[in-house]
Every structure is written in C-alpha cells, then in structure tokens.
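Peer 1: Kindly return the folded structure for what I paste below:
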Amino acid sequence: MQGKATLWRHPIHPMLVPFPIAFFVGSLVADIFSLLGGSDFWTAMGTWLIAFGLVGGLLAALFGFVDYLTIPMGPEVRGTATRHMAVNLVVVALYAVNLYLRWRTPQTPTGYILSLIGVLGLGYAGWLGGALSYEHRLGTAPEQPAGQVPAGGRQRARAR
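Peer 2: Model prediction:
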C-alpha cells in the first residue's frame, strides 16, 4: 500500500528520514564530546546539527503526512501511524526548544538533556515506523506472483 508521496514509485518519506535522524544523533555525539572537555567547535557543531535536523525533519514530516492521509489503513495500523507521527512531532518540538535554548546559551545543560530525550524518542518513533513498513507493509508495492514483474518494472536477464 503506497501513498501519493512517491518519486518514480518509491515513497519519499523513507528516503528523507535518515537525514534528520543522523543530524539529531550527531548532535548528541557532539554534546558528549563537548561535555568531555571538547572545544567550542563541538558546542557549535551540536547546535548546527540540530538546525539541519529540524529542516530535514519538517521536510520528512511533510511527505509522511501526505502518506498518512492517502494510504488506506485499518484502525490498528492507523493507530500505529498516528503514534509514529505524534512522537516524531514531539521530538521535532523538543529539538526546536533545544535550538532556541542553545542559541541563547550554547552550553546549556537543559539542551544536553533534551538531545538525549530526543534521540530516545527517535528510537521509539523509528520502531513504530519499522512496524508500519515491515509488519503492515505501508509504503511498499503489492507482492507479485513468482516470475511476474510489477507494472512499469523491468525484469533482468538471469546470468547462467
């Protein structure tokens, strides 16, 4: 079941989510280096990674929301999708507060705590997203009988 947010029949949302995940996890790594006595470089790096993560997260959320509205789902799957969306929005809100705090006071302990909570939230949201993809098959093309190629696909010759 695929939504309408696709590019050449590939769902866009899962193509985008690795970027904010990497940026947000990277900000936590930068925070750890900063706490271990790193230079101001790590403090600034963590702040910029959060900013880039917010841009990427909002872009991924846009395409995820299109999928949410256009993929037909039963009540159980819709509930999982709603939790996935809600947790991700809370994570983005936490990082927005985090960016605001860091812009004012770069080495704020509250920012470090928010980064840790945000990464834990990302882990839970990712687990829910995995359930949507791998258990409920959202964002995937329908299975084809053996030997058949989906419409518009190409079958490659097998090397013998």
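
Peer 1: what mean pLDDT would you report for stretch 137-144?
Peer 2: Averaging pLDDT along stretch 137-144 yields 70.

Peer 1: next SSE after the helix or strand bottoming out on mean pLDDT in the chain?
Peer 2: Comparing every helix and strand of the chain by mean pLDDT, DSSP states H and E singles out strand 6-7 as the least confident one, with a mean of 71. The helix or strand immediately downstream of strand 6-7 is strand 10-11, counting by DSSP states H and E.

Peer 1: Counting by contacts, list what that next one packs against.
Peer 2: The contact analysis (3 or more CB pairs under 8 Å, 6 or more residues apart in numbering; DSSP states H and E) places strand 10-11 against no helix or strand. (C-beta placed from N, C-alpha, C; glycine too.)

Peer 1: Quick one: mean pLDDT over that strand.
Peer 2: pLDDT averaged over strand 10-11 gives 80.

Peer 1: Please point out which parts of the helix or strand following that strand sit buried.
Peer 2: Following strand 10-11 in sequence order, the next helix or strand is helix 13-16 (DSSP H and E). Neighbour-count burial for helix 13-16, counted by 16 or more other CB atoms under 10 Å, picks out 13-14, 16.

Peer 1: now helix 13-16, how far from the centre of its chain.
Peer 2: With CA atoms, centre = their mean, to the nearest Å as the basis, helix 13-16 stands 7 Å off its chain's centre.

Peer 1: Starting from that helix, tell me the next helix or strand along the chain.
Peer 2: helix 18-35.

Peer 1: List of residues touching that next one?
Peer 2: Here helix 18-35 makes contact (CB atoms under 8 Å, 6 or more residues apart in numbering) with 42-43, 45-47, 49-50, 52-54, 56-57, 60, 91, 95, 107, 111-112, 115-116, 118-119, 122, 126.

Peer 1: Just the buried subset of those, please.
Peer 2: Buried subset of the contacts of helix 18-35 (neighbour count, 16+ other CB under 10 Å): 42-43, 45-47, 49-50, 52-54, 56-57, 60, 91, 95, 111-112, 115, 118-119, 122.

Peer 1: now, which of those lie within helices?
Peer 2: 42-43, 45-47, 49-50, 52-54, 56-57, 60, 91, 95, 111-112, 115, 118-119, 122 (DSSP state H).
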